[in-house]
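*Asks:* Dropping a prediction and its sequence here:
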Amino acid sequence: MRTDDKAAGIWPRFYLAPLEGITTFVFRNTLQEMFGGMDKYFTPFIAPTSSHNFKSRAKRDVLPDNNKGIPVVPQILTNHADDFLYTAGRLLEYGYREINLNLGCPSGTVVSKGRGSGFLAFPQELDRFLDQIFAKTGAPLSIKTRLGKEDPEEFPEIIKIYNKYPVHELTIHPRVQRDAYRNSPDWDMFERALELSTNPVCYNGDINTCGDYERFRERFPTVDRIMIGRGLIADPGLVRQICTGKPLMPDERLAFVEKLCDRYEQIMPGEPALFKMKEIWSYMCSSLPEGRKLWKRIKKTKTISEYKNIIPSLQRNGAI
């Protein structure tokens, strides 16, 4: 952590961003055990069904027994207030004390249904939705949002809507839906958002290295809440390095992926576990000098045993 942060009495809080299919309870628990340092872990979104029943995967991910001892915040993706309220009620019964609303997902299948960042294109409907859920949810509600659907200039009007409600935290990913994860986060609009918001603001977007964090802190020294997603998948020791200066070591990376693999095999043996590990490595390889070659080797594996055989050899050869 920067010495001037300490001198100013600023202690940033770090949150794990929700990534569908990746930041599962297996990943969250393993990250917490090996590296700690996260103030909140946001779950991948729960999309309520017409029957109001949780899908088995979503239910398993939020069961209290699978999240013991870690500060988890469940996230809901919907544009129907009744569905949100029912799902939030179930989560409160599980013991959760904060609920997050997803208004940031840029996926085409989500946006086409007017959910995630697609909901931002309908400000009047969004306002009515927020009015209902804030009036009836018996817990703090936080929001994860983008700047708009097509143009960042949509956001000043959107934030006026957010300001009408007691948003526990407003996490802003300063891109619009059509950007997906392309282009650079719009820090100019994020600066305007800081000026306009009457609610606490958290930043999310492209903090992938300590250098990225330093550049952000130089521009925004008073922002004390940082959400990191892809950067922590690529380097699970990133927050520790930001806070202590200690980088992730090769043997730690190997131990992390081995523990992940073992745990995924326990709940989804064979090919599903291999698919999960390939998802992790698709991000992790981006942070390694020989990442492209390494990814080709891992991507070609056909069975979990083949995968488990090549990883130690890659580590011995210095590829990991």
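*Replies:* Sure, I can see it. Residues are numbered from 1 along each chain as shown.
*Asks:* average pLDDT for stretch 203-213?
*Replies:* The predicted model assigns stretch 203-213 a mean pLDDT of 97.
*Asks:* Also stretch 97-108?
*Replies:* Here the average pLDDT along stretch 97-108 is 96.
*Asks:* Just the C-alpha atoms of it, please, in CSV.
*Replies:* Taking C-alpha atoms only, stretch 97-108 is exported to CSV below (Å, rounded to 0.1, in the frame of the first residue of the first chain):
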residue,chain,number,x,y,z
ARG,A,97,-27.0,-8.6,5.2
GLU,A,98,-26.4,-6.8,1.9
ILE,A,99,-27.9,-7.4,-1.5
ASN,A,100,-26.3,-6.2,-4.8
LEU,A,101,-28.2,-5.3,-8.0
ASN,A,102,-26.5,-6.0,-11.3
LEU,A,103,-26.9,-3.1,-13.7
GLY,A,104,-23.5,-3.7,-15.3
CYS,A,105,-23.5,-7.0,-17.2
PRO,A,106,-22.8,-6.2,-20.9
SER,A,107,-23.7,-9.7,-22.3
GLY,A,108,-25.9,-9.6,-25.3
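*Asks:* Now do the buried residues in it.
*Replies:* 98, 99, 100, 101, 102, 103, 104, 105, 106 (16 or more other C-beta atoms under 10 Å). Yep, even glycine has a C-beta here, placed from its N, CA and C like the rest.
*Asks:* Reformat the residues you listed as TSV; add secondary structure.
*Replies:* Formatted as TSV, these follow (DSSP: H, G, I helix; E, B strand; the rest coil):
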residue	secondary structure
98	coil
99	strand
100	strand
101	strand
102	strand
103	strand
104	coil
105	coil
106	coil
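*Asks:* Closest to residue 229 out of those residues?
*Replies:* residue 104 (10.6 Å; C-beta to C-beta).
*Asks:* is it true that that closest one touches residue 173?
*Replies:* Yes. With contact defined as C-beta atoms under 8 Å, residue 104 reaches residue 173; the gap is 5.3 Å.
*Asks:* so what sits against both of the two?
*Replies:* 144, 145, 146, 204 (C-beta atoms under 8 Å, 6 or more residues apart in numbering).
*Asks:* In helices, which of these fall?
*Replies:* Among the shared contacts of residue 104 and residue 173, no member falls in helices (DSSP state H).
*Asks:* Now do the strands for the chain: every range, in order, please.
*Replies:* Counting by DSSP state E, residue ranges of the strands within the chain are 13-16, 40-42, 72-73, 75-76, 99-103, 141-146, 170-173, 201-204, 225-228.
*Asks:* which residues are in contact with the longest one?
*Replies:* Contact partners of strand 141-146, identified using C-beta under 8 Å, 6+ apart, comprise 18, 42, 73, 75, 98-104, 106, 117, 120, 133-134, 158, 162, 165, 167-177, 204, 227.
*Asks:* quick one: the helices in the stretch 1-150 of the chain?
*Replies:* Counting by DSSP state H, counting those that start in this stretch, the stretch 1-150 of the chain has helices at residues 3-7, 25-34, 56-62, 81-93, 108-111, 123-136.
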